[in-house]
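*Asks:* predicted coordinates and the sequence they were generated for:
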Amino acid sequence: MGIRPSRRTSILFSRTTLALILLFASIADADTPDTNKHVGVATCAGSTCHGSSRPISNSPVRQDEYFIWQQKDGHQNAFKLLLKPAARRIADNLGIKDASKAAECLTCHSDYVPEAQRGPHFSLSEGVGCEACHGGAKNWLGPHVSGNSHAQNIAQGLIPLEDPTVRAKLCLDCHLGSASKPINHRMMGAGHPPLEFELAFNTLIQPAHFKVDADYRKRKNFAASGTVWATGQLVSGQFLLDGLSSERMTANGLTPELVFFECSSCHHAMRPPRWNAGLGGHQDPGQLRIADASLVLSSLILRTLDLPSSRAWDTALKQLHEGSRQSVPAIRSAAADLRKLTDTALGELRGKTLGKAELLKLINALATAGGGKLAGDFTMAKQVYYGLDALSSHLQTETQLPETVFAKPVREVFDAVDDSQRPYDPERLRKALESIKAAAVEQSASS
Ligand code: HEC
Ligand code: HEC
Ligand code: HEC
Ligand code: HEC
């Protein structure tokens with residue numbers, strides 16, 4: 001997904017009220033299999049349950065979750081998109097008769113669980129409903145209204161979305177694609193939009209149907225936006241490596257599966273402005289580039305936080321870049337090696353508290369890297385913005401750093417990467433990053 005200026009602007013201005021849109025880590029492990037029956041959105045939407053038209057005071061949860069989803073959340077529209085002319089065109093190009101009946105599309109545009117898991121009131125036409133994210137409710141539906149603890153709900157199959165690793169895996173499955181929900185260059189060639197996803201930013205712009213208050217923090221473990229950003233990078237890297245090491249890379253014959261490569265390494269104008277001509281810093285000119293932003297940022301995160309797997313990560317990443325100059329089998333094998341490190345790295349990150357010092361170090365590192373060669377790469381430039389936004393808002397909400405410290409320079413970074421009005425200009429980004437660095441250094445010195 002691209003940067004959305006209008007939404008983003010209103011978000012910036014209401015930052016203080018958004019102090020709460022932050023996420024939560026729990027000790028629960030990822031990969032909770034969702035095997036419960038799915039009962040359908042209507043079952044959750046009773047007026048005394050999650051279907052109130054306004055938030056209910058004195059209730060631990062808002063209770064207007066359905067209303068928000070129905071009125072404001074794009075997920076409600078996910079299935080309906082498949083009936084639109086755009087979808088018909090994509091389907092035609094692919095030789096699919098009806099996108100709204102095709103597994104290739106329903107897998108991400110609905111709550112596409114196996115037949116056996118669909119209850120009597122369930123319908124695919126509800127799009128990405130409550131249970132597509134929270135898991136099938138059959139087993140916890142009754143108990144969760146009669147005083148079950150959060151831990152008990154989880155034991156009965158509720159997915160612990162407050163955990164950033166669990167959440168990242170859920171969102172990325174549809175927003176990046178995976179072996180179980182595949183998307184490929186053929187679909188994009190047929191007209192499907194490219195998938196671009198950064199977890200902290202997308203959590204922020206999904207209309208929030210939950211509120212992180214004292215009660216929330218009591219019930220659930222909490223991870224703020226910087227942690228969510230860092231976790232999202234590592235899990236995105238994991239998804240990419242799963243793809244790069246898989247047989248999907250050799251299924252095409254002539255080229256590897258291009259969805260795992262930077263679109264701009266082939267699709268770009270030959271005339272100035274050539275924003276993608278700066279290269280990522282590790283790339284030979286004229287080379288097909290892996291879409292490696294998450295892997296490069298993970299390297300920066302591990303190094304800056306001094307996590308034990310940092311060195312091994314950098315060695316394996318170098319190997320992958322080498323491989324990308326050699327052959328598809330070399331890429332697959334190097335990707336499999338780096339993939340083995342991702343769970344360890346995630347575990348190390350989970351054990352690390354991001355306090356003021358760490359957050360400032362990360363901001364400084366990101367601004368420094370982003371102001372160097374990486375600024376020439378527009379994909380990376382956008383990712384630098386997402387990271388700075390998440391880290392600085394984490395500082396504001398969790399360490400009471402005044403909003404004024406980073407608000408203006410982060411806004412300047414946003415303006416530099418917002419290409420809706422003018423072409424992207426790396427020099428503009430470099431200048432904005434200088435102000436960020438100055439502010440980070442000043443804060444580090446004063447604390
Ligand atoms: C891997 C998951 C995935 C698969 C598979 C998938 N989609 Fe999508 N699709 C998405 C996501 C996510 C978006 C929203 C993109 C965004 O805005 O970031 C989207 C957006 C769209 C849009 C909106 C386009 C626009 O310009 O706004 C259409 C139409 C669409 N998909 C049709 C299809 C069709 C038809 C298929 C099957 C051939 C399909 N999708 C398969 C995930 C998927
Ligand atoms: C696209 C994914 C997604 C969809 C769809 C979705 N949710 Fe959520 N929901 C989340 C995330 C993320 C959170 C925040 C993490 C958490 O607390 O679990 C959340 C939190 C909640 C909470 C917890 C609030 C609290 O204070 O603990 C409730 C209740 C909830 N959602 C109900 C619903 C209902 C009802 C629907 C359907 C109308 C729905 N959700 C649809 C992702 C989703
Ligand atoms: C089952 C697949 C699925 C899951 C899981 C899912 N999404 Fe989506 N999401 C979609 C599709 C499809 C769309 C496009 C809907 C549209 O454009 O109307 C979408 C749209 C969005 C949008 C709106 C994009 C826009 O153009 O306005 C945001 C934000 C978003 N998702 C965030 C998330 C987050 C955060 C999570 C994880 C908590 C998540 N999604 C989980 C499929 C999914
Ligand atoms: C190795 C080079 C290469 C990479 C990388 C690549 N493509 Fe393509 N793409 C092609 C070729 C070749 C065609 C077919 C010729 C054409 O239609 O221009 C094509 C066609 C397309 C088309 C249809 C034609 C058009 O211009 O509308 C779209 C859309 C598209 N690609 C999107 C993407 C996206 C999104 C990515 C990144 C996820 C990507 N491509 C990555 C080479 C590439």
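*Replies:* Alright, I've got the coordinates. Numbering: from 1, shown residues only. Ligands and ions are numbered 1, 2, ... in the order given.
*Asks:* is it true that A224 touches E398?
*Replies:* Yes - the pair A224 and E398 passes the contact test of CB atoms under 8 Å, sitting 4.9 Å apart. Every C-beta, even on glycine, is put in place using the N, C-alpha and C of the backbone.
*Asks:* quick one, which of the two is more surrounded?
*Replies:* Legend: neighbour count by other CB atoms under 10 Å for A224 and E398, higher for A224 (27 against 20).
*Asks:* residues near the closest residue to L199 other than its chain neighbours, how many?
*Replies:* Counting by CB to CB, 6 or more residues apart in numbering, G232 is the residue found nearest to L199 once chain neighbours are left out, at 2.9 Å. Neighbourhood size, G232 [other CB under 10 Å]: 31.
*Asks:* contact partners for G232?
*Replies:* 164, 168, 198-200 (CB atoms under 8 Å, 6 or more residues apart in numbering).
*Asks:* who wins on neighbours among these?
*Replies:* The member of these surrounded by the most neighbours (other CB under 10 Å) is P164, with 31 neighbours in all.
*Asks:* per-residue pLDDT, T368?
*Replies:* T368 is assigned a pLDDT of 95 by the prediction.
*Asks:* burial of it, as a residue count?
*Replies:* Counted with other CB under 10 Å, residues neighbouring T368 total 16.
*Asks:* quick one: which helix or strand includes it?
*Replies:* When elements are defined using DSSP states H and E, T368 is found to belong to helix 356-371.
*Asks:* list the buried residues for that helix?
*Replies:* By neighbour count on 16 or more other CB atoms under 10 Å, the buried set for helix 356-371 is 356, 358-371.
*Asks:* out of those, who's nearest K382?
*Replies:* Of all these, K382 sits closest to G370, with 10.3 Å by CB to CB.
*Asks:* residues contacting the residue nearest to the closest one when sequence neighbours are not counted?
*Replies:* With CB to CB, 6+ apart as the criterion, G370 has its nearest non-adjacent residue at 3.6 Å, and that residue is V384. Contacts here follow CB under 8 Å, 6+ apart; on that basis V384 touches 366-367, 369-370, 374-375, 413, 417, 429, 433.
*Asks:* can you show me the helices along the stretch 201-350 of the chain?
*Replies:* Listed in chain order, the helices of the stretch 201-350 of the chain (DSSP state H, counting those that start in this stretch) span 214-219, 225-244, 293-304, 310-323, 328-350.
*Asks:* need the three-state assignment for K352.
*Replies:* At K352 the chain is in coil, as set by DSSP: H, G, I helix; E, B strand; the rest coil.
*Asks:* how much space between the residue lying closest to it once chain neighbours are set aside and ligand 2?
*Replies:* Computed as CB to CB, 6+ apart, the closest residue to K352 that is not its neighbour in sequence is L305, at 5.6 Å. As defined by CB to the nearest ligand atom, to the nearest Å, L305 lies at a distance of 24 Å from ligand 2.
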